[in-house]
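A.B. asks: My questions concern the predicted model and sequence given below.
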Amino acid sequence: MAKPSIFSKNYERRMKRRRNKIIFTAILAIVVAVIISFNSEIKNFNLTNVKDKMQAWVDSGNQNEEVEEVEQVEETETPKTPEKTYIDINVAEGIVAKAEYIEEDGKKKFVSVEPIDGISFNISPLKEQILFLDKSQNLKIANNEGVIKDLTKKEYVSQAGQSFPKDRILSSTPTYIWHSQGKFIDDTKIIYVSELPYFRNDGQKQFVWLYDLATGNENPLWSLVGNQIVVGDIVPDKGIAITVNGVVFYLKADGSVSK
């Protein structure tokens, strides 16, 4: 009878089974010896019954071990990972964004968006809208049903009434910042960084623009102007962090700015 390896997963159970078989064999040998010694007195002794009863005892131990093994397997089963749910959003012609969402209180709540080369995105605080910005500096917003709306400023009209179309400006000056770093402040207001309302300044002046989703009004914030602007994340009770020329400011949805 081969001894199981100590590195076996069921080493203890196999050793127990092995001991039971050894004990069974030893007891059976003793019974046989006794029967032979006292054959004249116990001629009618039924050796088969003894063997059967002892075998049943060993088998019962094996059955208990098998039940324990099944229970252990059931306890260690790994729960299945729920399938992810996506909604397709047509960001531009031939470009579809796959947005993952969960159902919460009967509403779709966005979790993430699969990366797309040349397109950045930002999910609103309530997770029911996504703001998209593509490499052509088009700014778009999608709701939790996948319906998308174009927020891109197609042209800038000066106070004198002169029109500056976006496509013409970017064609003549590819490095010009028209829309960049679009982000939500809350679910009704977004911001973006632009060189508007000035042209031909080689990026030396950048402005933070505040866009009201409810009214469509957008205006530059004259207190947030610099040659290097970085839009950060929303900080509770302060607003969204905006670094202007190395100085951190906090902008709230009502347009108020603090340090």
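C.D. replies: Everything's here; your move. Numbers count the residues shown, from 1 in each chain.

A.B. asks: rest of the way, CA atoms for contacts and neighbours
C.D. replies: Will do.

A.B. asks: The protein - how does it break down into domains?
C.D. replies: Here the domain parsing of the chain from automatic domain parsing is 11-74, 81-144, 153-259.

A.B. asks: Same list, those, but as a markdown table with mean pLDDT please.
C.D. replies: Formatted as a markdown table, those follow (pLDDT from 0 to 100):
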| stretch | mean pLDDT |
| --- | --- |
| domain 11-74 | 60 |
| domain 81-144 | 93 |
| domain 153-259 | 95 |
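
A.B. asks: Adding mean neighbour count, write these out as a markdown table.
C.D. replies: Listed next are the domains of the chain as a markdown table, based on neighbours: other CA atoms under 10 Å:
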| stretch | mean neighbour count |
| --- | --- |
| domain 11-74 | 13 |
| domain 81-144 | 16 |
| domain 153-259 | 16 |
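
A.B. asks: residue ranges for the helices of the stretch 1-150 of the chain, please.
C.D. replies: 11-37, 47-75 (DSSP state H, counting those that start in this stretch).

A.B. asks: likewise the stretch 151-259 of the chain?
C.D. replies: Using DSSP H, counting those that start in this stretch, helices in the stretch 151-259 of the chain cover 166-172.

A.B. asks: how about the strands in it?
C.D. replies: 155-157, 163-165, 180-184, 189-194, 206-212, 218-226, 229-235, 239-244, 247-251, 257-258 (DSSP state E, counting those that start in this stretch).

A.B. asks: Give me the contacts around the first one.
C.D. replies: Pointing back at strand 155-157 there. Strand 155-157 is contacted by residues 163-166, 196-197 when judged by CA atoms under 8 Å, 6 or more residues apart in numbering.
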